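1. the following comprises the amino acid sequence and a computationally predicted model.
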Amino acid sequence: MTSRRDFLIAAAGTAGGISLAVTSGRAHATPAEMQDAVRKVTGGAPVRSGRVKLDVPPLIDNGNAVPLSVAVESPMTPSDHVKSIYVVTERNPLPNVVSVHLGPRAGRARFATRVRLADTQTVLAIAEMSDGSFWSDSVHVVVTLSACLEDGLI
């Protein structure tokens, strides 16, 4: 007969093992998951380089609060404006970091924020224009102290 103590120890060990297996499997997205996120944003349309300026420091000491800004060249008129700006990452647990939706009344197509980066990776900004075209810029960021880590996996 199993004692209550033996049962609780076995149950805790099993639950901890399941939790570790689930969280360690999602510690980082893969480059393929980043490409899937880009396909969801663009619907498979081609993404051209240019018109977008992604500003992220190339070397970060701490990935917990990384300054990031995106600016897009656009007259922001009713016939020619930025509809949305998306930022996706290669190795965060979830590749979609931020989505900003704009209209011609925004005046300028730019924003700034701070994000968490889980590891050294490529950060990609994609702008969706009112004519249906997509433009992008990317930056490879080296992170010396990672963020987005699961508790207990450090």
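-> Thanks, I have the structure now. Numbering: from 1, shown residues only.
2. find the centremost residue of the chain, please.
-> The structure's the chain has its C-alpha centroid closest to residue 97; by Cα atoms, centre = their mean the separation is 3.2 Å.
3. in this structure, which spans are helices?
-> Applying DSSP state H to the chain gives helices spanning 4-25, 31-42.
4. pick out the shakiest of those, pLDDT-wise.
-> Among those, helix 4-25 has the lowest mean pLDDT, at a mean of 52.
5. ok, back up a step: what sits closest to the residue nearest to the centre of the chain if chain neighbours are left out?
-> Of all residues not flanking residue 97 in the chain, residue 87 sits nearest, at 4.5 Å (Cβ to Cβ, 6 or more residues apart in numbering). (C-beta placed from N, C-alpha, C; glycine too.)
6. isn't the one you found right next to residue 122, touching?
-> No. Counting by Cβ atoms under 8 Å, residue 87 does not reach residue 122; the two are 11.3 Å apart.
7. show me how far stretch 29-44 is from its chain's centre.
-> How far stretch 29-44 lies from its chain's middle: 11 Å, per Cα atoms, centre = their mean, to the nearest Å.
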